[in-house]
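>>> I'll drop the sequence and a predicted model, then ask my questions.
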Amino acid sequence: MWNLPPSDSVLHFLSLVALTAQGVTAALAAGRRSMDWLGVCFLGCITALGGGTLRDLLLGHYPLAWVANPVYLAFPGAAALLTILFARFVHRLRLAFVVLDAIGLVVFTMTGCDVAWQMDASLPIVIVSGMVTGCAGGVLRDVLCNDVPLLFRSELYASVSVVTGLFYATAFGLQINAELWTILTFILGISFRLLAVRYKWEMPKFVFTGDEEREP
Amino acid sequence: MWNLPPSDSVLHFLSLVALTAQGVTAALAAGRRSMDWLGVCFLGCITALGGGTLRDLLLGHYPLAWVANPVYLAFPGAAALLTILFARFVHRLRLAFVVLDAIGLVVFTMTGCDVAWQMDASLPIVIVSGMVTGCAGGVLRDVLCNDVPLLFRSELYASVSVVTGLFYATAFGLQINAELWTILTFILGISFRLLAVRYKWEMPKFVFTGDEEREP
Amino acid sequence: MWNLPPSDSVLHFLSLVALTAQGVTAALAAGRRSMDWLGVCFLGCITALGGGTLRDLLLGHYPLAWVANPVYLAFPGAAALLTILFARFVHRLRLAFVVLDAIGLVVFTMTGCDVAWQMDASLPIVIVSGMVTGCAGGVLRDVLCNDVPLLFRSELYASVSVVTGLFYATAFGLQINAELWTILTFILGISFRLLAVRYKWEMPKFVFTGDEEREP
């Protein structure tokens, strides 16, 4: 999911946390669809690593992180399996999950921006790369579970990714301390997301019920 | 979405029109699912650029056009946002949308053939490349909106892409004037598609209700 | 779908059989959704070649086999079209289809392992490559038909792919006769899959009905 200078150990540590967190959220979605244990494990890996994988395909950034280091498959896979065991206890901890999910969104956005920046992409592509990394895993999870992706409908989700990416990207221009900036961006993004969930901030919706331009 | 010699300004101009048109059709689909504004904007970009992106991934044709020139993201994105404002007026113009959608199909098919040809692909791959570029964006839109893709069910759609691609590809062999051929192909493809819609031409359907070979 | 030393003619022959078999199963799925003939043909190609294509994208293994040899498109495409003609007779042959489907699963798993091995991938990636090649085509088919993929829900399917891959991969370490090992793995995999179908072996399912961590 990332390709960081070893010095930025903060972002690396947060990434492992985020991989684990996304595995847990995927397992809960899989459980609602009564998938078997191997399916739960797969969906965990696809959700946690899908965003970074899609980004790497789009940018031509080979080899993929999990191909080079298969250990990254172990984090979300193990997290998904453990969720099966602990789900009956865990689902009471709703706040913990919202926080873990937000960690995934914010951290993957930062790693996505980072990878694009290291490939000398332009600013819009750095932002798009962050969004794809942060959001695409959840879209894949929802498509595979046969839902309309939450991304397109829920509270501010992609918006959090865009704001986080813009804030983080300014650091590249300013050449300031990387780890400090990582922590600042992390706090900003998490706070924004949690406030959006808490107060149900939403973007206006576009509801269109006119004639189909092609008959369904 | 394309990679043309600068001389073929006709196809380049048509491509910008097609990007805009696909953004509009995507926004209408998003509106039927009550997506929020950012979701509408994303779906516009995915629909308009998804076909060319998939083609470039399949052919290993890096960097992607919109990564190299992020301005291509602006056309469908802006078109989708403007559609939100004007939808209540626009949906009366059903004919205009059918035409715009046909422009997207035909133009992207031509650009897809062009890219494959420039990579020295064989004729079948040139045709497939045209089809993928012309049709895949709409398939992605339908999957993300949780529909069975129209491509597989509606009036002649992929067929228009195949015929357009075959007609256009003969030009490469004949070495004739590129811009003239572009215009001829464009008129042929648009006419074919519009006639198919007007007279409800359809391919025969395959309806199978036998035993499942694997229990669902 | 594969990239084999010409000597391993057994696996090459089996691959052509598997491509054909997957085209047939895809056509039956398409018929249940009343797709038109071209849609049936596409879905056959996507199902049969989708797994290998996704694997090649993930591993950066260009050019794709069907781009280099478009004749591979002809097998599943022709098989899908012939299925339209013969479906009323064929669906009585339920056992034949289960066998053909199992051939696709096992053979594509072996070719996937082979490709990854030739790229010097680590053992976990060899196994994942086999699984992606064996299973992803069916997932694509189900997503395009708007179903929750069977992979995540049915009898041992991905499990068969994992076991087949592990067994086959040990051959690479042992440096034994390739064609003999191919045949042994083939028999093992087919038997495992058919026994799983016959006796309805299933992995335990994870059913979770707790609170959503994000409101739907």
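Structure's in. What do you need? Residues are numbered from 1 along each chain as shown, chains lettered A, B, ... in the order given.

>>> Just want the residue of chain A that's nearest chain B.
Nearest to chain B, among the residues of chain A, is residue A:208, at 2.6 Å (CB to the nearest CB). (C-beta placed from N, C-alpha, C; glycine too.)

>>> so for stretch A:18-26, what's the average pLDDT?
Confidence over stretch A:18-26 (mean pLDDT, whole number) is 90.

>>> which residues touch that stretch?
Stretch A:18-26 has contacts (CB atoms under 8 Å, 6 or more residues apart in numbering or on different chains) with A:1, A:40, A:43-49, A:72, A:75-80, A:82-83, A:90, A:97, A:100-101, A:103-104, A:107-108, A:137-138, A:141, C:213.

>>> Mind checking which of these are buried?
The neighbour-count test (16 or more other CB atoms under 10 Å in any protein chain shown) marks A:1, A:40, A:43-49, A:72, A:75-77, A:79-80, A:82-83, A:90, A:97, A:100-101, A:103-104, A:107-108, A:137-138, A:141, C:213 as buried among the contacts of stretch A:18-26.

>>> Filter those down to just the ones in helices.
Counting by DSSP state H, the buried ones among the contacts of stretch A:18-26 place A:40, A:43-49, A:72, A:75-77, A:79-80, A:82-83, A:90, A:97, A:100-101, A:103-104, A:107-108, A:137-138, A:141 in helices.

>>> if I read this right, the residue of chain A closest to chain B contacts residue B:40, doesn't it?
No. Counting by CB atoms under 8 Å, residue A:208 stays clear of residue B:40, with 9.4 Å between them.

>>> Residue A:61 should be in a strand, yeah?
No. Counting by DSSP: H, G, I helix; E, B strand; the rest coil, residue A:61 falls outside a strand, being coil.

>>> what's the neighbour count on it?
A count of nearby residues for residue A:61, using other CB atoms under 10 Å in any protein chain shown, gives 20.

>>> so it touches residue A:55, yeah?
Yes. Between residue A:61 and residue A:55 there is a contact under CB under 8 Å: 7.3 Å.

>>> what helix or strand is the closest residue to residue A:75 other than its chain neighbours on?
Leaving out its chain neighbours, the residue that sits closest to residue A:75 by CB to CB, 6 or more residues apart in numbering or on different chains is residue A:19, at 4.2 Å. Per DSSP states H and E, residue A:19 falls inside helix A:9-32.

>>> So residue A:76 is in contact with residue A:47, correct?
Yes. Using CB under 8 Å, residue A:76 makes contact with residue A:47 at a distance of 7.0 Å.

>>> how much space between the residue of chain A found nearest chain C and residue A:87?
Using CB to the nearest CB, residue A:31 is the residue of chain A that sits closest to chain C, at 2.6 Å. Distance from residue A:31 to residue A:87, counting by CB to CB, to the nearest Å: 6 Å.

>>> Can you check which residues contact both of those two?
Common neighbours of residue A:31 and residue A:87 (CB under 8 Å, 6+ apart) are C:206, C:208.

>>> Among those two, which residue is more densely surrounded?
Neighbour count, other CB under 10 Å: between residue A:31 and residue A:87, residue A:31 has more, with 22 against 18.

>>> Which residue is the nearest non-sequential neighbour of the more buried one?
residue C:208 (2.6 Å).

>>> Show the contacting residues for the one you found.
A:27-28, A:30-32, A:87, A:91.

>>> of these, the lowest pLDDT goes to which?
residue A:91 (55).

>>> for chain A, which spans come out with low pLDDT?
Where chain A drops to pLDDT under 70, the residues are A:1-7, A:89-94, A:96-97, A:147-155, A:173, A:175, A:209-216.

>>> Okay, buried residues for the one helix or strand residue A:110 maps to please.
Taking DSSP H and E as the definition, residue A:110 sits inside helix A:94-118. Using 16+ other CB under 10 Å as the test for burial, helix A:94-118 gives A:97-117.

>>> Check which helices and strands the helix or strand encompassing residue A:55 sits against.
Here residue A:55, judged by DSSP H and E, is contained in helix A:37-59. Applying 3 or more CB pairs under 8 Å, 6 or more residues apart in numbering or on different chains; DSSP states H and E, we find helix A:37-59 packed against helix A:9-32, helix A:65-68, helix A:71-90, helix A:94-118, helix A:123-144, helix B:37-59, helix C:37-59, helix C:158-174.
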